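Participant: requesting a structural model of the entry that follows:
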Amino acid sequence: MSNVYREKARTFLKINSNLMKSRYEAMGKRVIAVLGSFDTWPHIDYICRILARLGHFAITSLYVYFSENGILQREERGRYFKDLAMRESLRFMIFEECHEAIITYSLPGAHHIETEWCFNRMNEDPNFKYYGIAFVRKIANEDKCPFLKRVEGINSTECTAKFDRTAWDCIETKEFCPFKEQGVSKNVFEYFFANKRTRLFSVECLEDVPLLLNTLFH
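Facilitator: Sure thing, here's the model as predicted:
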């Protein structure tokens with residue numbers, strides 16, 4: 001494919017993404033990228049459907065989700081998006097298309113590229129936020145890390161460590177951590193320590209996901 005054609009695709013996508021963001025901003029809603037590896041695809045699809053029912057426009061590398069006249073819609077990505085290299089289209093989603101992002105984590109997914117790019121976007125854009133959701137087998141026990149807090153009213157826990165915390169500290173601590181237990185890469189943790197606009201949650205049961213998303217994106 002020629003560079004001229006790819007540049008045409010980039011121009012179209014940028015115009016379209018700006019229009020879509022403006023449209024949802026006007027409704028008090030957001031365009032939200034949902035990211036993660038394909039081993040978590042059922043979870044990604046599930047999250048997107050919930051976000052669409054909340055009135056947002058959810059995007060993945062394969063589909064977009066939205067509600068039209070109260071009916072959930074899922075549409076395949078268009079030709080221009082697929083004309084970009086896969087790595088470029090992922091970067092475009094994070095830096096250009098979305099207001100906020102969710103990254104799903106599971107064993108053994110680390111998802112370094114998505115997390116790194118969300119971190120970089122956050123440093124460039126004071127309005128950007130990103131959230132991590134780890135699907136785990138156990139969210140807490142009696143011997144838990146002091147930074148692990150229950151989410152009020154939801155069967156979920158959040159890592160509240162910030163700023164001066166490092167992955168080395170997490171490795172050395174002996175208390176239970178659902179993210180360590182599930183095998184999420186330790187250096188991924190640090191991307192959530194860096195700024196108050198990032199939050200990392202653990203969820204054990206899918207029935208708690210709608211409650212968590214409603215709290216974050218009401």
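Participant: which elements pack onto the helix or strand bottoming out on mean pLDDT in the chain?
Facilitator: Ranking every helix and strand in the chain by mean pLDDT, DSSP states H and E puts helix 79-83 at the bottom, with a mean of 84. Where contact means 3 or more CB pairs under 8 Å, 6 or more residues apart in numbering; DSSP states H and E, helix 79-83 is packed against helix 3-26, helix 86-92. Using the backbone N, CA and C atoms, a C-beta is placed for each residue, glycine as well.
Participant: check the residue nearest to the spatial centre of the chain and give its pLDDT.
Facilitator: Centroid-nearest residue in the chain: residue 102, 1.1 Å away (criterion: CA atoms, centre = their mean). We have a pLDDT of 97 for residue 102.
Participant: what of residue 141?
Facilitator: For residue 141, pLDDT reads 92.
Participant: settle this for me: it is touching residue 177, isn't it.
Facilitator: No. Applying CB atoms under 8 Å, one finds residue 141 not in contact with residue 177, separated by 10.2 Å.
Participant: between those two, which has more neighbouring residues?
Facilitator: residue 177 (22 against 11; other CB atoms under 10 Å).
Participant: pretty sure the more buried one is touching residue 170, no?
Facilitator: Yes. With contact defined as CB under 8 Å, residue 177 counts as touching residue 170 (6.7 Å).
Participant: joint contacts of those two?
Facilitator: The contact sets of residue 177 and residue 170 do not overlap (CB atoms under 8 Å, 6 or more residues apart in numbering).
Participant: where does this protein dip in pLDDT?
Facilitator: 1-5, 107-110 (pLDDT under 70).
Participant: which residues touch stretch 208-217?
Facilitator: Contacts for stretch 208-217 (CB under 8 Å, 6+ apart): 30, 32, 43, 46-47, 50-51, 54, 56, 100, 131, 133, 151, 153-156, 199, 201, 203.
Participant: state the helix or strand in which the residue nearest to the centre of the chain lies.
Facilitator: For residue 102, the element it lies in under DSSP states H and E is strand 100-105.
Participant: what pairs with that strand, parallel or antiparallel?
Facilitator: strand 31-35 (parallel), strand 129-135 (parallel) (DSSP bridges).
Participant: how about the CA coordinates for the first one, as CSV?
Facilitator: The one in question is strand 31-35. The C-alpha coordinates for strand 31-35 follow below in CSV (Å, rounded to 0.1, in the frame of the first residue of the first chain):
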residue,chain,number,x,y,z
VAL,A,31,-15.2,7.6,23.8
ILE,A,32,-13.4,4.8,25.7
ALA,A,33,-10.8,2.5,24.4
VAL,A,34,-10.9,-1.1,25.8
LEU,A,35,-7.5,-2.8,25.5
